[in-house]
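> 3D model of this:
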Amino acid sequence: MLNPKVEKLVNEQVNKELYSAYLYQAIAAYFVAGNLPGMAHWMNAQAQEEVIHAFKFYSHILERGGRVVLEAIEKPPVEWESPLAAFEASLKHERFISDSIYKIYDAVVETRDHATRPLLDWFVNEQIEEEDNATANVEKTKLVQGNGQGLLMLDREMGARVIPAPILLGILPAAK
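Next up, the predicted model:
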C-alpha cells in the first residue's frame, strides 16, 4: 500500500510531468514558428519522453493500490525572446523537476516506503541526464548566438535526435 503522503506527492508529480510535456510542446511550436524544425523535433521528442515519465508515476500509484488523481494542467508560455531563452527555460524547468523528485524521495525515506525507492532512484538518474542535456542545449546555443549559420547547423544536429519506443524500453506496458 502506498503511503498517503507519498501518494499525494506522486500524484502531483504526474501533473508536473504532463506540464513538462505541455511546456516542451509549446517550445517546439515556438521553434516551428521560427523556422527551426530540428530544435522543434528535439523538443517534440522531449515532450514525448515527459509523457512516458508521467505514466511511470501513474502506473506506480496504481500498482501500489493508490488512487490516481488527475488535476488541470497549467497553460505554458508560448513565446520566448530567443532560442537561447527557450532553452534556458527548459533548463530551469528541469531543475524544478529534479527538486520535486528529491522532495518525493525525502518523503519516501521519512515514511520508509521502500517499494517506491527504486522508481525514484531511476528518476534521480534520469534527471541527471535531463539537466545535462538541457545544459548542453543552453551552452551550444550560447556558442552560436548571433551566428545564423551556426544556429542552422545546431538546428540540423538537434533534428537528428531519436527517441526509443516506450514499449520496447519496458516503460509502458504492452497490451494484454
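
> let's see the pLDDT reported for A165.
pLDDT for A165: 67.

> need phi/psi at the residue most central in space within the chain.
Centroid-nearest residue in the chain, with C-alpha atoms, centre = their mean: E50, separated by 4.0 Å. Note on E50: backbone dihedrals following degrees, to the nearest 10 are phi -70, psi -30.

> what do you get for A28?
For A28, the backbone dihedrals (degrees, to the nearest 10) come out as phi -60, psi -40.

> next, count neighbours for the nearest residue to it once chain neighbours are set aside.
Leaving aside its chain neighbours, A28 sits nearest to M43 (3.7 Å; criterion: C-beta to C-beta, 6 or more residues apart in numbering). Bear in mind the C-beta positions are built from the backbone N, C-alpha and C, glycine included. A count of neighbours around M43, defined by other C-beta atoms under 10 Å, yields 27.

> cool, the one 3 residues further on as well?
Q46: 24 surrounding residues under other C-beta under 10 Å.

> would you confirm that it contacts A26?
No - at 11.5 Å, Q46 and A26 do not qualify as touching, with contact defined as C-beta atoms under 8 Å.

> I'd guessed the residue nearest to the centre of the chain sits against N15; true?
No - taking contacts as C-beta under 8 Å, E50 lies outside contact range of N15: 11.5 Å.

> contacts only, for H41.
The contact partners of H41, taken as C-beta atoms under 8 Å, 6 or more residues apart in numbering, are 28, 158-159, 161.

> among those residues, name the ones in helices.
When the contacts of H41 are checked against helices (DSSP state H), the matches are 28, 158.

> can I get the contacts of H41 in a markdown table including distance to E7 and pLDDT?
Output for the contacts of H41, formatted as a markdown table (distance: C-beta to C-beta, whole Å; pLDDT from 0 to 100):
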| residue | distance to E7 | pLDDT |
| --- | --- | --- |
| A28 | 32 | 97 |
| M158 | 37 | 95 |
| G159 | 40 | 93 |
| R161 | 34 | 90 |
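
> go ahead and build a ChimeraX selection from the buried members of the contacts of H41.
Only the buried members of the contacts of H41 enter the following ChimeraX selection, criterion being 16 or more other C-beta atoms under 10 Å:
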select :28,158
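
> for I97, grab the count of nearby residues.
21.

> what's the answer for E126, then?
For E126, the count of nearby residues is 16 (other C-beta under 10 Å).

> how far away is the residue nearest to A28 from E88?
Distance from M43 to E88, counting by C-beta to C-beta, to the nearest Å: 14 Å.

> so where's the protein uncertain?
Low-confidence segments of the chain (pLDDT under 70): 164-176.
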